[in-house]
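*Asks:* Predicted model and sequence follow; I will ask about them next.
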Amino acid sequence: ILIGVTCSPPQNYPLYIRSVPTENELKFHYTVHTSLDVVDEKISAMGKALVDQRELYLGLLYPTEDYKVYGYVTNSKVKFVMVVDSSNTALRDNEIRSMFRKLHNSYTDIMCNPFYNPGDRIHSRAFDNMVNSMMMQVC
């Protein structure tokens, strides 16, 4: 599983990337960057409906042979991407959605920290612990 958080447009650089196991980390970085284009396409296709909508979960962005890529966008256009092994059939859509909500809540906690500069890489033990616990549940 991989979890990535990227900055809002136009930069779209990663704020946080974590993968388990770490042996294919470069491949996962490529997958996250590729999925950003799909997220942008979905956002532009939804247009006004996304703005009116409170649910920012984009669902399955695209499946590959080995992985399923899911997306989520915050109101401030920060994107969350989750890459899950295709063989993991235990994860359902509502579980992925709740995982993204936990990520969003934890990200909001980071943004409320007066010592965090928006746009900087995320270096938070609390965020790391939350991501690790989510990954251990899935793996």
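*Replies:* Structure's in. What do you need?

*Asks:* what are the ranges of the helices in this protein?
*Replies:* All helices of the chain, identified by DSSP state H, fall at 25-46, 48-52, 93-111, 125-138.

*Asks:* count of residues packed around residue 1?
*Replies:* The burial metric for residue 1, expressed as a neighbour count using other C-beta atoms under 10 Å, is 22. All C-beta spots, glycine's among them, are computed from the backbone N, C-alpha and C.

*Asks:* if I pick it, what's in contact with it?
*Replies:* When contacts are counted by C-beta atoms under 8 Å, 6 or more residues apart in numbering, residue 1 is found next to 19-20, 82-85, 135, 138-139.

*Asks:* Mind pulling up the pLDDT for it?
*Replies:* pLDDT, the model's per-residue confidence, is 70 for residue 1.

*Asks:* Turn the helices of the chain into JSON lines, columns for distance to residue 77.
*Replies:* As requested, the helices of the chain are exported to JSON lines (distance: least, C-beta to C-beta, whole Å):
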{"stretch": "helix 25-46", "distance to residue 77": "8"}
{"stretch": "helix 48-52", "distance to residue 77": "10"}
{"stretch": "helix 93-111", "distance to residue 77": "13"}
{"stretch": "helix 125-138", "distance to residue 77": "19"}
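
*Asks:* Can you point out the buried residues in stretch 118-132?
*Replies:* 122, 124, 127, 130-131 (16 or more other C-beta atoms under 10 Å).

*Asks:* what do you get for stretch 10-27?
*Replies:* The neighbour-count check on stretch 10-27 (16+ other C-beta under 10 Å) flags 14-19 as buried.
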